[in-house]
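Chemist: No sequence on hand, only this structure:
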């Protein structure tokens with residue numbers, strides 16, 4: 001990761017934080033803060049894919065909402081095209097809205113059931129000022145681009161399969177010609193065979209349109225196929241960050257190792273490999289001091305319970321937060 005946004009960087013995030021107050025009692029007094037995102041840093045290179053992985057509840061989707069300004073951050077910078085879009089007013093933010101779009105996890109819940117697919121896609125074209133007589137043709141082009149027939153523009157979401165609805169969701173996101181697409185678990189609600197089709201579609205679109213992706217997932221099989229770099233997130237923190245090939249060949253953080261071990265092999269009866277995660281994730285309302293992974297880590301030592309390590313360089317582009325890794329490499 002670099003200190004500032006460069007020409008080859010699509011998005012730079014630095015020190016991003018989001019805390020949610022917990023209110024209790026009759027007077028709804030704030031009794032604590034849930035640290036959903038607690039100091040996240042990463043870069044997305046232009047035309048490349050950064051995958052953000054981790055268990056449910058680690059803060060991945062909150063990061064996406066902060067980038068899109070669907071939630072307001074408490075601290076940090078979100079730098080796009082040289083501007084910190086996290087501090088812009090809604091009016092100032094408007095030109096950037098069309099350049100950063102999202103594909104949601106639930107393809108049915110994200111589409112208006114009272115609107116045809118064509119009308120849904122046309123909404124985006126209307127916001128960009130596309131002439132009325134050109135919108136219908138452009139809707140047809142977008143549907144063909146994602147593998148649907150232009151004739152389906154008059155159909156409603158309930159008339160499509162899950163995979164077709166997700167294709168329609170991708171077409172809607174592409175209607176405003178974005179440069180950065182945030183894919184929030186875009187295949188987790190689909191059958192395995194359909195997942196491969198959507199992943200291939202996203203890869204083809206990236207190649208032909210030069211799109212940059214922030215791909216959010218808990219499925220490391222999907223991540224390994226699509227991503228150029230991977231950021232592993234745990235309890236609001238990124239604990240390991242590396243180029244995709246490097247991370248899968250040389251994982252270092254105990255949490256990353258456990259996630260990889262938790263991916264079942266396609267061998268009947270074999271189950272999970274040794275090293276699968278055990279125990280419960282600590283409450284983000286009251287995380288332990290020091291390393292946040294200490295309650296589940298097989299390598300935990302006294303230092304881990306007191307001090308939280310900053311990112312330690314473990315190779316070219318490879319960063320990891322682990323005292324044990326740092327000590328082994330320094331010795």
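Modeler: Received the coordinates, thanks. Keep in mind the model is a prediction, meaning the values are calculated, not measured.

Chemist: Let me know whether residue 179 touches residue 212 as I believe.
Modeler: Yes. Between residue 179 and residue 212 there is a contact at 6.3 Å, judged by CB atoms under 8 Å. Yep, even glycine has a C-beta here, placed from its N, CA and C like the rest.

Chemist: what is in contact with the two at once?
Modeler: Taking CB atoms under 8 Å, 6 or more residues apart in numbering as the contact rule, residue 179 and residue 212 both touch 10, 46.

Chemist: Looking at these two, which is more packed in?
Modeler: Applying other CB atoms under 10 Å to residue 179 and residue 212 shows that residue 212 carries more neighbours, namely 22 against 19.

Chemist: And the pLDDT at the more buried one?
Modeler: As predicted, residue 212 sits at a pLDDT of 97.

Chemist: Now it. Its backbone dihedrals?
Modeler: Here is the backbone geometry of residue 212 (degrees, to the nearest 10): phi -110, psi 140.

Chemist: Name the nearest residue to it, sequence neighbours excluded.
Modeler: Nearest residue to residue 212, sequence neighbours excluded (CB to CB, 6 or more residues apart in numbering): residue 10, at 3.8 Å.

Chemist: got the contact list for stretch 8-21?
Modeler: Against stretch 8-21 from outside (CB under 8 Å, 6+ apart): 2, 4-5, 30, 32-48, 59, 62-63, 66-67, 71, 73-80, 100, 179-180, 212, 214.

Chemist: Next, count neighbours for the nearest residue to residue 79 once chain neighbours are set aside.
Modeler: Sequence neighbours aside, residue 12 is the residue nearest to residue 79 in space, at 4.2 Å (criterion: CB to CB, 6+ apart). Neighbour count of residue 12, defined by other CB under 10 Å: 21.

Chemist: now the strands for the stretch 51-200 of the chain?
Modeler: Ranges of strands within the stretch 51-200 of the chain are 75-80, 83-84, 100-103, 180-184, based on DSSP state E, counting those that start in this stretch.

Chemist: Out of the ones you listed, flag the one nearest residue 91.
Modeler: Closest of the strands of the stretch 51-200 of the chain to residue 91 is strand 83-84, at 13.7 Å (criterion: CB to CB).

Chemist: Quickly run through the sheet partners of the closest one, with directions.
Modeler: strand 75-80 (antiparallel) (DSSP bridges).

Chemist: Flag every buried residue along the partner strand.
Modeler: Residues of strand 75-80 classed as buried: 76-80 (neighbour count, 16 or more other CB atoms under 10 Å).

Chemist: can you put those residues in TSV and add distance to residue 114?
Modeler: What follows is the buried residues of strand 75-80, written out as TSV (distance: CB to CB, whole Å):
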residue	distance to residue 114
76	38
77	39
78	33
79	38
80	33
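
Chemist: and of those, the nearest to residue 202?
Modeler: residue 80 (20.6 Å).

Chemist: so the closest one makes contact with residue 100?
Modeler: Yes. Contact status for residue 80 versus residue 100: in contact at 6.9 Å, counting by CB under 8 Å.

Chemist: what bits of this structure have low per-residue confidence?
Modeler: Applying pLDDT under 70 to the chain picks out residues 1-7, 264-277, 279, 330-331.

Chemist: Give me the most central residue, it.
Modeler: Geometric centre of the chain, nearest residue: residue 216, 2.8 Å, by CA atoms, centre = their mean.

Chemist: Secondary structure element holding it?
Modeler: Assessed by DSSP states H and E, residue 216 sits inside strand 212-217.

Chemist: burial count for the nearest residue to residue 100 once chain neighbours are set aside?
Modeler: Nearest non-adjacent residue to residue 100, counting by CB to CB, 6+ apart: residue 180, 4.7 Å away. Here the number of neighbours of residue 180 (other CB under 10 Å) works out to 19.

Chemist: Same question for the one 3 residues further on.
Modeler: Using other CB under 10 Å, residue 183 has 27 neighbouring residues.

Chemist: ok, now which ones touch it?
Modeler: Residue 183 neighbours (CB under 8 Å, 6+ apart): 102-103, 202, 213-216.

Chemist: ok, residue 18 to residue 84 distance?
Modeler: Noted for residue 18: a distance of 16 Å to residue 84, by CB to CB, to the nearest Å.

Chemist: So which of the two has more stuff around it?
Modeler: residue 18 (23 against 14).

Chemist: Where does that one sit: helix, strand or coil?
Modeler: Secondary structure, DSSP: H, G, I helix; E, B strand; the rest coil: residue 18 is strand.
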